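A.B. asks: Coordinates for the following, if possible.
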Amino acid sequence: MSRKKYFFIDLKKFGVFLLIVLGIFGLLFLNNIGPWLFNPNYKPPYLSFIGDPQNSIGISFETPQACNATVYYGLGASNLNMSQNENIIRTLHFFNLTNLLPNTTYYYLINATEVNYDFMNVVESFHTAPPLGSQTPIRFAVLGDTRPDIFGLTKHSHLLELIKLRNPDFVLNVGDIVMGPTRNDHWDRFFSEIHGVAKNVPYMVSMGNHEHHEWGGAADAGKTYLKYMNYPGVEEYYAFNYSNICFISMNIESGSSITATQLTWLSNTLVAANSSSEINWIIVYFHVPPYSAVGIHSGIINRVVQPYFIPFKVDLVFVGHHHHYERLLVDGIPYVVTGGGGAELELYLSGTQWTQAYSNTYEFCDVLVNGSQLTMTCVDYNNLVIDQFNLTAWRNV
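C.D. replies: Next up is the predicted model:
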């Protein structure tokens, strides 16, 4: 065969190889395309709990151009007779609406004199929590590890569409929402993805290791997380009471130990919850699990924190970090690993002696609390139920 023919064969092979490489990079580029790519530092409104959920709500957003924003709100879409103005020109905007009525639907609209973004001058709504101690049925969703993977892929948006169909009162995320704390494009993407849900119901995040120190950027010890999150107290760990439930979010990402300040706060919060005649449930959520298919994982939790969970009878713990679903029972406390929120899945061939259910799939947890009864349902990417269990409260019943 002539050299010329060899040359054309090699050229064809190279062309096929080049097309494959370009195709891969094209797919990677498409996976990262979204409004966050063309409009950096744009974070549409997201709600959060700052004070008492029955009479307050937090509304936060970021605008690429500094402006003086105002929130108009009221009891009707055409009756926004109350307002709150920042009286300062800035890009990060935080509002805390207070003195609201419990169990009430409010409408709000955001306006600014200097700019007009897509979310502005659009009427949205939110609903305040029932009175503390109420036995009114409530629903919330829990998921985690929703960050994009190294190829820019995530199933977060699709899971949020399924969550929205269930009309939750709020959403909890157990952490790892970005690849690295200084990846501003990932922060923009996260807030863009949650906007369809978070503009109407609070979306509360517990700090994960990727928000604190890992991957795709310099470690910043959670400073960027604290920059954007508008939560109660010190914000890196926090608690709130919603209806008859005390929710506790912990930060265990600071190293090999937990500060004495956080432990004192945890103890005081658990004592207050157990002393209240209006609390039936204590639910804790944080990022790294003490137990999972990997085995005994978090020495901090096992050695330092879990001794608080047992005597104070924590009812349920949600965690993430490992990208799968798993339900375990340890010392009478159910632990739910809900790390299938979007990032690449991790396969473990078997569970542990504590494992009661396991699935290597994208998923979220749908939790319905009706007074002294709790039902948790794990729903996968195809909207199929893969696990369900029930709990009965023992506290104040």
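A.B. asks: what are the phi and psi values for Asn274?
C.D. replies: phi -70, psi -20 (degrees, to the nearest 10).
A.B. asks: Please name the nearest non-neighbouring residue to it.
C.D. replies: Phe312 (5.8 Å; CB to CB, 6 or more residues apart in numbering). Where C-beta positions appear, they are placed from N, C-alpha and C, glycine not excepted.
A.B. asks: Next one: the one you found relative to Arg303, how far apart?
C.D. replies: 17 Å (CB to CB, to the nearest Å).
A.B. asks: circling back: what's the distance between the residue nearest to Asn274 and Cys246?
C.D. replies: Look at Phe312 and Cys246: by CB to CB, they are 10 Å apart.
A.B. asks: Those two - which one has more neighbours?
C.D. replies: Each of Phe312 and Cys246 has its neighbours counted (other CB atoms under 10 Å); Cys246 has more, 24 against 16.
A.B. asks: Please name the residues that touch the closest residue to Asn173 other than its chain neighbours.
C.D. replies: Spatial nearest neighbour of Asn173, chain neighbours left out: Val205 (4.5 Å); criterion: CB to CB, 6+ apart. Residues near Val205 by CB atoms under 8 Å, 6 or more residues apart in numbering: Leu172, Asn173, Gly175, Ile177, Glu211, Tyr225, Met229.
A.B. asks: Provide a list of residues in contact with the fifth one.
C.D. replies: Neighbouring residues of Glu211 by CB under 8 Å, 6+ apart: Gly175, Asp176, Ile177, Val178, Pro181, Val205, Gly222, Thr224, Tyr225, Glu253.
A.B. asks: any idea which of the residues you listed is the one closest to Glu193?
C.D. replies: Closest approach to Glu193 among the contacts of Glu211 (CB to CB): Ile177, at 9.2 Å.
A.B. asks: Next, the closest one: secondary structure please.
C.D. replies: Three-state call for Ile177 (DSSP: H, G, I helix; E, B strand; the rest coil): coil.
A.B. asks: Next, count neighbours for it.
C.D. replies: Ile177 is flanked by 31 other residues according to other CB under 10 Å.
A.B. asks: For it, which non-adjacent residue is closest in space?
C.D. replies: Phe190 (4.9 Å).
A.B. asks: which outside residues touch the helix or strand encompassing that neighbour?
C.D. replies: Phe190 is part of helix 184-198 when elements are defined by DSSP states H and E. The contact list for helix 184-198 (CB under 8 Å, 6+ apart) reads 32, 34-37, 39-47, 62, 119, 146-148, 154, 156-157, 160-161, 163-164, 171, 177-180, 203, 216, 224, 228.
A.B. asks: what do you get if the cut-off is 6 Å, keeping everything else the same?
C.D. replies: By CB atoms under 6 Å, 6 or more residues apart in numbering, the list of residues contacting helix 184-198 from outside reads 35-36, 43-44, 46-47, 156-157, 160, 164, 177-179, 203.
A.B. asks: Could you identify which of those residues has the most neighbours?
C.D. replies: Comparing these on neighbour count, Ile177 comes out first with 31 neighbours (neighbours: other CB under 10 Å).
A.B. asks: so it touches Thr146, yeah?
C.D. replies: Yes: contact criterion CB atoms under 6 Å: Ile177 and Thr146 qualify, at 5.4 Å.
A.B. asks: coming back round to it: out of the contacts of helix 184-198, which one sits closest to Tyr362?
C.D. replies: Nearest to Tyr362 among these: His156, at 9.1 Å, using CB to CB.
A.B. asks: Next up, phi/psi of the closest residue to Ser267 other than its chain neighbours, please.
C.D. replies: Of all residues not flanking Ser267 in the chain, Tyr308 sits nearest, at 6.3 Å (CB to CB, 6+ apart). In terms of degrees, to the nearest 10, the main-chain angles of Tyr308 are phi -80, psi -30.
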